[in-house]
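Peer 1: Sequence first, then the predicted structure, then my questions.
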Amino acid sequence: QLQLVESGGGLVQPGASQRLSCAASGRSFSAAVMAWFRQTPGKEHEFVAAITWSGTMTDYADSVKGRFTISRDNDKNTLFLQMNSLKPEDTAVYYCAGAATSTFSRRRASSAYDYWGQGTQVTVSS
């Protein structure tokens, strides 16, 4: 089992920055492909970003590319999402997710992930 707990959400103004964290415990965090998804009411989980266990490969949704950065610290078992130039359309509940066995090739599919955090609300509004 891999337990995931997100933090760092809240209310921010358009154009501001915010960093989300996801603390992992349990099975080996360093062996997992990790990702961030987001969800708005009535919609499916939307892929945001993913990172390999080594951190050498990353992938981003077109809607956040150039504004968001995913990173991980395997020594501290923590995943991060740095969000810059936030827009109102970034408002959502953000989830971190971990894949126990799936390869990076399936990184954009929510079904590829075995473990999910409880989510943290990010609201971008003036």
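Peer 2: Arrived safely, thanks for sending.

Peer 1: Next, name the residue at the spatial heart of this protein.
Peer 2: Closest to where the C-alpha atoms of the chain average out (C-alpha atoms, centre = their mean) is residue 36, at 2.0 Å.

Peer 1: where does that residue land in three-state SS?
Peer 2: strand (DSSP: H, G, I helix; E, B strand; the rest coil).

Peer 1: Residue 80 is in contact with that one, correct?
Peer 2: No - Residue 36 is beyond contact range of residue 80, at 9.2 Å (criterion: C-beta atoms under 8 Å). (Each C-beta comes from the backbone N, C-alpha and C, glycine too.)

Peer 1: Can you work out which residues contact both of these two?
Peer 2: Taking C-beta atoms under 8 Å, 6 or more residues apart in numbering as the contact rule, residue 36 and residue 80 both touch 20, 22, 70.

Peer 1: Going by neighbour count, which of these comes out on top?
Peer 2: residue 22 (26 neighbours; other C-beta atoms under 10 Å).

Peer 1: Checking my notes, that one in a strand, right?
Peer 2: Yes - Residue 22: assigned to a strand according to three-state DSSP.

Peer 1: Bridge partners for the residue nearest to the centre of the chain, pull those for me.
Peer 2: Residues in a beta bridge with residue 36, per DSSP bridges, are residue 49, residue 96.

Peer 1: Mind pulling up the pLDDT for residue 67?
Peer 2: The pLDDT attached to residue 67 in the predicted structure is 98.

Peer 1: swap that for residue 104, please
Peer 2: Looking at residue 104, its pLDDT is 87.
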